[in-house]
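>>> here is a sequence together with a model predicted from it:
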2 protein chains.
Amino acid sequence: MSLEMFESFLEEHCLKATRQRRSVYAEILAMDEHFDVDSLLLRLKQNGQRISKATIYRTLQLLMECGLLRRVQLAPDGMDAMYAACPEGCAIDNLVCTTCGKTVQFSKEGVCNLCEDIATKYGFALSSHCLNIFAVCPECQKKQGDE
Amino acid sequence: MSLEMFESFLEEHCLKATRQRRSVYAEILAMDEHFDVDSLLLRLKQNGQRISKATIYRTLQLLMECGLLRRVQLAPDGMDAMYAACPEGCAIDNLVCTTCGKTVQFSKEGVCNLCEDIATKYGFALSSHCLNIFAVCPECQKKQGDE
DNA sequence: GCAGTCAATGCGATTGATTCTCAATTGCTA
DNA sequence: TAGCAATTGAGAATCAATCGCATTGACTGC
C-alpha cells in the first residue's frame, strides 16, 4: 500500500521513480523489521539488485522526508544507526530487550492519546511520536534466574 | 545530589574519581538541558578546565553505563548525537518542535504506568523508557499562520 | 607527608559511517 | 526514438568516535 505513497511523493516533488528507489523501499517493506544500512544492502545484493551504498543513503533520506521511514534508537546508549518503516500514523513504538536486543513493535492507542494530551497542554501541535521501552525479555529473565 | 551517585558508582567499580570525571558530570548537571559533545567541551574550556575530547567520550560512556545519562534522538531523522542527563527513575520524555528544534522536557506519571502495562503484557521486566513527541511549538505555529 | 603503583588522561593516528564529486547512465517528455 | 536533466556508482573526502601509547595523577601503605 505505501509503495504508492512513495511514488506519489516522488511525483509531487518532480523526482524520478527509479528501479533503485523502488527496490529499496520494497525491500524495507518486505523485511518488516528494523534494520541497518549494511543488512539492507546485503539483502538487496542477495536478491540480485545492483545498487550502491550511496544510493541507499540517498533513498533512506528521501523516505524519511516523506515520513515513510524513521531512525530508531534501540538502546539507551544506542550508537548504531537503525531504521524502521513507519506504520500508519507514523508512530513507532518499540519494546527493546536491554540484554539480548530483541525488539517487539507494538501499538497501543493509549500512547497516541497521551501524546496528544501532553502536546496540547504545552500548546504544541502534535505531529508524531516515538516511544522506546527498555526492558528485559522473558527468555533473558529466565537465563538470569538460572545463574 | 546525583554527583554522589556517580562517585559511588566509580568506587564500586574500582574507578578513580578524577578531576575530569567530576567536572564533566558537574557541567552536565549545570546545563540542565540536552547537549552535544562539542558544546560540552566548549563550556568546559570556557570554565578554564583542561580536558580532551577523548576523555569526554570516555566519561559519557561511563555515565551511560551507570544510568545517569542517555542519548536522545531529537528529530525523526536525528543524525546528531545528543545527550541528556537522566532525571530520577531514568525516564527521558521530550516534546520537540520539528520546525525550530526547541525542546521541552516534561514528566507525566501516566507515561510510566503505560510503559509498565505494556512491558507486563509482553512478559518483559521494565527497566526504563524514552518518549519523544514531535510537534510544532506555539511560536512556529504562529509564524506559519502569518505567512 | 611521601613514594610507588597502576588506572586515567591527552595527543595524534585510526577507524568507520555518512556525504560528496563527477563522469556515465537512465527515466521521462515530446 | 532522441534529448535533456535527474540519478547513479565508485571512490574520495569528511567528521564523529575510538584506539594506542607515553605521560600524568589519584589512591595506598608506610
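On my side now, so go ahead.
>>> secondary structure class for A:Ala84?
strand (DSSP: H, G, I helix; E, B strand; the rest coil).
>>> what residues are bridge-paired with it?
Listed beta-bridge partners, A:Ala84: A:Arg70 (assigned using DSSP bridges).
>>> now it: how far from A:Asp38?
Per C-beta to C-beta, to the nearest Å, A:Ala84 is found 15 Å from A:Asp38. Where C-beta positions appear, they are placed from N, C-alpha and C, glycine not excepted.
>>> neighbour count for the two, which is higher?
A:Ala84 (21 against 10; other C-beta atoms under 10 Å in any protein chain shown).
>>> can I assume that one is in contact with A:Leu74?
No. With contact defined as C-beta atoms under 8 Å, A:Ala84 does not reach A:Leu74; the gap is 9.2 Å.
>>> joint contacts of the two?
Shared contacts of A:Ala84 and A:Leu74 (C-beta atoms under 8 Å, 6 or more residues apart in numbering or on different chains): A:His34, A:Asn94.
>>> next to DNA strand D in this structure, residues from chain A, please.
A:14-16, A:18, A:20-21, A:50-55, A:58-59, A:79 (C-beta under 7 Å from any atom of the strand).
>>> ok, so of those residues, who is nearest B:Lys143?
Closest to B:Lys143 out of these is A:Cys14 (26.8 Å), distances taken as C-beta to C-beta.
>>> which residues touch the residue of chain A found nearest DNA strand C?
When distances are taken as C-beta to the nearest atom of the strand, chain A reaches nearest to DNA strand C at A:Ala81, 3.0 Å away. Residues in contact with A:Ala81 (C-beta under 8 Å, 6+ apart) are A:Asp36, A:Val37, A:Arg71, B:Met79.
>>> is it correct that the third one is in contact with B:Gly78?
This means A:Arg71. Yes. A:Arg71 is within contact range of B:Gly78, at 5.9 Å (criterion: C-beta under 8 Å).
>>> state the pLDDT value of the residue of chain A closest to DNA strand C.
Listed pLDDT for A:Ala81 reads 86.
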